[in-house]
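Engineer: here is my input, please return the structure:
(one chain, ligands or ions: 2)
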Amino acid sequence: MHAKSRHNVRYSSLIFILFMLMLVLVGIGVFAVSVLAGSLETIKQVPVPRSNPQTPEKIELGKKLFFDRRLSGDGTMSCATCHNPEQAFADGLDISLSYPTTKNWRNSPTLLNITFQKRFFHDGRAKSLEEQALFPMMSAFEMNKNLDYVEEQIRVVPEYVEAFNKVFGAEATRERIAMAIAAFERTLVSGSNPLDRFLKGDQQSLSAEALKGFEIFKGKGGCADCHYGPSLSDNQFHALHVPENPVLMDDPAVTATMRFVAKVSHYKDYRTLVEDPGRYLISKNRKDWKAFRTPTLREVSRTAPYMHNGIFVTLEEVIDFFDRGAGKGNTVLKPLGLTAEERKYLRTFLVEALSGEEQAFQYPVIP
Ligand code: HEC
Ligand code: HEC
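Structural biologist: Numbers count the residues shown, from 1 in each chain. Ligands and ions are numbered 1, 2, ... in the order given. Below you'll find the predicted structure:
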């Protein structure tokens, strides 16, 4: 064998080794994806960004701000007005409350387990809870507050001056107000539920009917394709074409709000808009037309009415919607063909297995 072909042999075995290595890596990747996707999890750890660590003092400050009506223009509304602890931190309406004389256009989502989401709002327009918190304050149809003004109002309250100094070593700013509120929101985590106990090995925690419902949730219903992870959300956007809430066009004040949001989202044809474009408003990507983020299903029995526009009042209606293969014109889902019994089991699972142990809520004293 002369030098050149020996060289070739070494070269080809190197390529062979690299090729095998690639196969192994691809194999590991496929395995990881198939194990991770669709897996249901208990709550092990609450994600906290390194830039805003949790401290008890910061959480307490954030809680006070969350309930403080100073954060709204006319002093009548706090965050808790639309995210009420007694209503699973939502407001129980199809279309949420709004700043006096204006109308809102979407449903107020529960803030329970919000820390597990990666994008905030139904269309995912905010990337962090810190970023999100300033939106409702500034929004013309939510709290309608001037942020320079709220900073000065907070800076003249001795108790807040002291608290901001203690927590941040600095005075109140809009960013620090948002950081404290976000820290508080990260504590809004459900108590352990029967599904958690089941996943930890307690076979008795689900009733026979809920267990059948769980099988449908993972199997025939395909629900766990999108509702998985610790809060039963894949954090993705899906164009299910949920029916519009008629109020969007029937009430001119709601139409105005919809078109205003579209305008500030740089949607060109906002003046003629007659439906909620969903994620499209943010991405301007055709595939996101009428796509919304998958919501958490923890505590779902307490978060009616359902969907981004509260169009479904009961879980039966939601299950029927998925059974029909979701909304007209969608290309994401197909009819499921569930029997009446199967739909009932699915509902039992959602109600029984996903409701956490009750937790007492301590209201703050506002300075
Ligand atoms: C007037 C009612 C109202 C008030 C007041 C209000 N919100 Fe909301 N909140 C909503 C609605 C409606 C949405 C959904 C809007 C959307 O997706 O376009 C929302 C969404 C959110 C979300 C995102 C939830 C998710 O699932 O992604 C968070 C977090 C939140 N609000 C926190 C707050 C905080 C903090 C305050 C106070 C600074 C506040 N809200 C004040 C109605 C309100
Ligand atoms: C392709 C992904 C996908 C599949 C599969 C799926 N969902 Fe959903 N689910 C979503 C999205 C996205 C929404 C929110 C739609 C909106 O707000 O307009 C949602 C909303 C819901 C809601 C309303 C929650 C709330 O608080 O508003 C319930 C309940 C629900 N799904 C249950 C189910 C059940 C039960 C199944 C199986 C039969 C299922 N989902 C299958 C993506 C999915």
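
Engineer: which residues touch the closest residue to A180 other than its chain neighbours?
Structural biologist: Nearest non-adjacent residue to A180, counting by CB to CB, 6 or more residues apart in numbering: G62, 3.7 Å away. Any C-beta I mention is one placed from the backbone N, CA and C, and that applies to glycine too. Neighbour list for G62: M179, A180, I181, A182, A183, F184, E185 [criterion: CB atoms under 8 Å, 6 or more residues apart in numbering].

Engineer: could you list the low-pLDDT ranges of the stretch 51-200 of the chain?
Structural biologist: Across the stretch 51-200 of the chain, nothing is flagged by pLDDT under 70.

Engineer: what are the ranges of the helices in it?
Structural biologist: 56-66, 79-82, 129-138, 147-155, 158-168, 174-185, 194-199 (DSSP state H, counting those that start in this stretch).

Engineer: so which of the ones you listed is nearest ligand 2?
Structural biologist: Ligand 2 lies closest to helix 194-199 among the helices of the stretch 51-200 of the chain, at 13.3 Å (CB to the nearest ligand atom).

Engineer: now that closest one, how far from the centre of its chain.
Structural biologist: Relative to its parent chain, helix 194-199 has a centroid offset of 22 Å by CA atoms, centre = their mean, to the nearest Å.

Engineer: quickly check: stretch 355-367 near ligand 1 or not.
Structural biologist: No - Stretch 355-367 lies apart from ligand 1 when judged by CB under 6 Å from any ligand atom; the minimum separation is 13.6 Å.

Engineer: what score does the residue lying closest to W289 once chain neighbours are set aside have for pLDDT?
Structural biologist: What sits nearest to W289 in space, not counting adjacent residues and going by CB to CB, 6+ apart, is Y280, at 4.6 Å. We note a pLDDT of 98 for Y280 in this prediction.

Engineer: can you list the helices of the stretch 51-200 of the chain in CSV and add distance to ligand 1?
Structural biologist: Compiled in CSV, these are given as follows (distance: least, CB to the nearest ligand atom, whole Å):
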stretch, distance to ligand 1
helix 56-66, 6
helix 79-82, 3
helix 129-138, 4
helix 147-155, 10
helix 158-168, 15
helix 174-185, 5
helix 194-199, 20
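
Engineer: mind checking those helices for the one nearest to T272?
Structural biologist: The closest of these to T272 is helix 129-138. By CB to CB, the value is 25.2 Å.

Engineer: quick check: angle from the closest one to helix 174-185?
Structural biologist: Helix 129-138 and helix 174-185 are oriented at 110 degrees to each other (axes from the mean of the first three to the mean of the last three CA atoms, to 10 degrees).

Engineer: what angle separates helix 129-138 from helix 147-155?
Structural biologist: 100 degrees.

Engineer: list the buried residues for helix 129-138?
Structural biologist: The neighbour-count check on helix 129-138 (16 or more other CB atoms under 10 Å) flags L129, E130, Q132, A133, L134, P136, M137 as buried.

Engineer: swap in stretch 237-253?
Structural biologist: Result for stretch 237-253 [16+ other CB under 10 Å]: buried residues F237, H238, A239, L240, H241, V242, N245, V247, L248.
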